[in-house]
Structures are given as C-alpha cells and as structure tokens.
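Visitor: sequence unknown, structure follows:
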C-alpha cells in the first residue's frame, strides 16, 4: 500500500467515525488513552494532526515521551487501523489554522472549554508503522509503505 493510499484509508475512516483513540505514556510509564479528533493535511502526508489545549496531560506526554499509538476504526467495526509513531507539539499559527480548518467542525466537546483556558497547540503524529485489521475476515496485515518512508 502506498503512502497516498494509506492516507486515503485514514481519511475514509475518520470521515466515518469522526474520532480515534490516542495512547501516550505518562511520566511514570503508565499508558493513558483518550478520545481525539484527528485530521490529515494533504500537504503533509504521513501525519495526523489534532488540536488540543496546552495544559492537557497529552501535551506533556508528547514532550517527554513522544512515542504514541492511534487507533481508528469504522463505526461498523469492519476496519481497525492501528498507527504507531511519534508526537510533536507545534505552536505555529499557520499549522494551527490548517488543523482547525480540517477538524474544527468536529470539536464540539472541545469548544465547551472556557475561552480563558484555551492555549491551543497542535499535536503532529508522524506515522512510523501501520497495521490494518479486518475483524470480519480475521485478517491482520502490517501495511508496507512501499519504501516511501513515513
């Protein structure tokens, strides 16, 4: 599967499910899971982006332990895509704007945070490995990215 095909698959699953699960590790080495609203930016293949509050734990986790995992699945659970990679905290206004444009309409819970607590940053998740699981067929496949190196 090419990188472009993988990114299309990711976009398709996000469009269906609207959310994903992010796993990070805290300062004690304990895994932490939370729902996220990721998106892709076509000009940046091989990465997912999410807006978050600078005060949230996942930002500190990303800074101290950047290895992370994102799990996406369709609503009918016929595809589960597990992405392994690294997180980077971005405070660039241009990338924040691009990310908000891609995911802003799906951030209904996030917008309920009081305005004074919104120190917005972007988490960039760079994909290093991808595994596709088709539960109804019992097929689990590591997705080779055809040497495109994500």
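Guide: It's in. Computed from a predicted structure; not experimentally measured.

Visitor: who does the lengthiest helix in the chain touch, helix- and strand-wise?
Guide: In the chain, with assignment by DSSP state H, the single longest helix is helix 3-17. Counting contacts by 3 or more C-beta pairs under 8 Å, 6 or more residues apart in numbering; DSSP states H and E, helix 3-17 packs against strand 67-73, strand 80-90, strand 120-134. From N, CA and C alone the C-beta is placed, and that goes for glycine too.

Visitor: Give the rounded mean pLDDT of that helix.
Guide: Across helix 3-17, the average pLDDT comes to 93.

Visitor: Can you name the secondary structure element that comes next after that helix?
Guide: Using DSSP states H and E, the helix or strand that directly follows helix 3-17 along the chain is strand 20-25.

Visitor: For the helix or strand that that following strand is followed by, buried residues please.
Guide: Moving toward the C-terminus from strand 20-25, the next helix or strand (DSSP H and E) is strand 31-36. Residues of strand 31-36 classed as buried: residue 36 (neighbour count, 16 or more other C-beta atoms under 10 Å).

Visitor: residues in contact with strand 31-36?
Guide: Residues outside strand 31-36 that contact it (C-beta atoms under 8 Å, 6 or more residues apart in numbering) are 19-26, 50, 52, 57-58, 61, 70.
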